[in-house]
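1. Need the 3D shape of this:
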Amino acid sequence: MHKTIFSDFCSDDRSKRILERVCDEYGQGILSGDLCEDLCILHRVVYKRCLYYENGKKVIEADWQGRPIVLKSKLENFSAYETFGLLEYQDMHEISPMDIVFYAAMEIKNSLGLELKNTTVPRLWTTELQERTVPYTRAELASMWALMQQEEYTFFRILQDLSTHVVKVLGSCGHFYAVEYLIAGHMWHQNLFPLEGLIGPSTAIHSSRALREAIHKIALSFLDMVRHFEDDFSYRLHLCDIKPENFAVRNDLTVVAIDVDMAFFEPKMQDILEQNCTHDEDCNFFDCVSKCDLKKNKCGSKRVNSNLQVICDKIFRHWFSPTLIGARASLPLQVQLQRAVQKCAEPSLEELEKRSAQQEQLLSQLYQLLQDSKRQLNE
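-> Sure, this is the predicted structure:
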């Protein structure tokens, strides 16, 4: 799934010791979670390999009853997370479900920049809390709080039932949470994603056509994701690190964001962009770009490029280049598609208001051209 880094730190021995420590703390009643019994008692979660380790962030591949999963934690040790404040001052029976909802909402506001009034915030836990008939244990609250201090986990949980374009959370144990295992893309891969395993066995005659059709379907899914992140939440969602390694493709060819460390809703995006500057380059935050107001020496709070523009530049331009299209590249429809992708990939010089309309027009044009091109492949 995520970037595999082979180093002394990303070792099997160290990874296994970390999971053993999690199970020791589960046995002591320090932490808990719906995955703990399968991990620590029944041994249905089996360690496979370390995928990533940097600054304490741990990503581990495991097998859960025959299903590949990924275990993740922002910090290596449970004790490294801040404790839940109410546990220091109140007895367990004094902590009400609404206390938990309030603190959860505050933490989401702090980590993701979402306001308390946002309806997606309390909805995450309200149903579960209402159905709860026994009080939460100290271990449950401590584990919940450790998970909520991980922006990526909170992000995935918020979008869990709202989006098909983010990886699914399957369970947790203490500060580690499990997500579905998906194979990420890579810039060095000819098609950016390992498509051969997704389209099934095919003859040499049909393999090229099947690959091109799969690319078209995945490109359409990228456009669906762009529109979804623009329009379907209370705030626009900005992706500031767009590259194949941060996405994967499910078997149904749906594009999934699997690494969202650099994804921000509009309120937090504005806070990040609004920095001091002396020229426009100071206002570039990875793939999210603003402009410098030289009179105020301040970056604008509004992003001037878009998710669509960066996806066209970093992904579509590769897919729809004459080199990859091959002999069909000179067909009128393919030339139209190449030109539309090129236009989409170039930064817009329009004013902010006109830029949104231009993007919507480009999005619709690309969608139609991709649909037509996909049909042409089967003629």
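2. rest of the way, CA atoms for contacts and neighbours
-> Will do.
3. What ranges does the stretch 1-150 of the chain have for its helices?
-> Applying DSSP state H, counting those that start in this stretch to the stretch 1-150 of the chain gives helices spanning 12-27, 36, 85-89, 97-112, 120-131, 138-148.
4. elements contacting the second one?
-> Spelled out, it's helix 36. The helices and strands touching helix 36, judged by 3 or more CA pairs under 8 Å, 6 or more residues apart in numbering; DSSP states H and E, number zero.
5. hmm, who's touching it?
-> Helix 36 is contacted from outside by 23, 26, 172, 173, 174, using CA atoms under 8 Å, 6 or more residues apart in numbering.
6. do that again at 10 Å, thanks
-> Under the contact criterion CA atoms under 10 Å, 6 or more residues apart in numbering, helix 36 has outside partners 22-23, 26-27, 42-45, 171-174, 176.
7. Can you list the low-confidence ranges for this protein?
-> Where the chain drops to pLDDT under 70, the residues are 1-9, 85-102, 104-105, 107, 111, 113-133, 200-206, 326-327, 349-350, 352.
8. Just the strands from it, written as ranges.
-> Along the chain, the stretches classed as strands by DSSP state E are 45-54, 57-64, 67-73, 169-173, 176-180, 237-239, 247-249, 255-257, 263-265, 284-285, 288-289, 292-293, 298-299.
9. Residue 333: which of those strands is closest?
-> Shortest distance between residue 333 and the strands of the chain, using CA to CA, is found for strand 255-257: 24.5 Å.
10. State the number of residues packed around residue 353.
-> 8 (other CA atoms under 10 Å).
11. now it: how far from residue 227?
-> As judged by CA to CA, to the nearest Å, residue 353 and residue 227 stand 17 Å apart.
12. Residue 199 contacts residue 218, correct?
-> No: the criterion here is CA atoms under 10 Å, and residue 199 misses it with residue 218 at 11.7 Å.
13. which residues do these two both contact?
-> Listed as contacting both residue 199 and residue 218 by CA under 10 Å, 6+ apart are 252, 253.
14. More neighbours: which of the two?
-> residue 218 (20 against 16).
15. Need the nearest residue in space to that one, chain neighbours excluded.
-> Once flanking residues are discounted, residue 218 sits nearest to residue 253: 5.6 Å by CA to CA, 6 or more residues apart in numbering.
16. Pretty sure that neighbour sits against residue 211.
-> No: using CA under 10 Å, residue 253 makes no contact with residue 211, being 11.6 Å away.
17. so what sits against both of these two?
-> Common neighbours of residue 253 and residue 211 (CA under 10 Å, 6+ apart) are 195, 198, 199, 217.
18. Filter these down to the buried ones.
-> 195, 199, 217 (16 or more other CA atoms under 10 Å).
19. Correct me if wrong: the first one contacts residue 216.
-> I take that to be residue 195. No: between residue 195 and residue 216 there is no contact under CA under 10 Å: 11.8 Å.
20. Overlap of the contact sets of these two?
-> What both residue 195 and residue 216 touch, as defined by CA under 10 Å, 6+ apart, is the set 210, 253.
21. ok, back up a step: mind checking which of the contacts of helix 36 are buried?
-> Burial by neighbour count, judged by 16+ other CA under 10 Å, picks out 22, 23, 26, 44, 45, 172, 173, 174, 176 from the contacts of helix 36.
22. Neighbour count for residue 253 and residue 211, which is higher?
-> Under the criterion of other CA under 10 Å, the comparison of residue 253 against residue 211 puts residue 253 first, with 19 against 16.
23. what's the nearest residue to residue 346 if we skip its chain neighbours?
-> Using CA to CA, 6+ apart, the closest residue to residue 346 is residue 309 (6.9 Å).
24. Look up how far residue 139 lies from the one you found.
-> As defined by CA to CA, residue 309 lies at a distance of 45 Å from residue 139.
25. Same drill for these two, tell me which one is more crowded.
-> Using other CA under 10 Å, the more surrounded residue of residue 309 and residue 139 is residue 309, with 22 against 18.
26. who are the neighbours in contact with that one?
-> 287, 316, 341-348, 359, 362-363.
27. quick one: it and residue 348, what's the gap?
-> 9 Å.
28. what's the overlap in contacts for those two?
-> Joint contacts of residue 309 and residue 348 (CA under 10 Å, 6+ apart) are residue 359.
29. Kindly reformat the contacts of helix 36 as TSV containing distance to residue 34.
-> Putting those into TSV (distance: CA to CA, whole Å) gives the following:
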residue	distance to residue 34
22	13
23	13
26	11
27	14
42	13
43	13
44	13
45	12
171	6
172	6
173	6
174	9
176	11
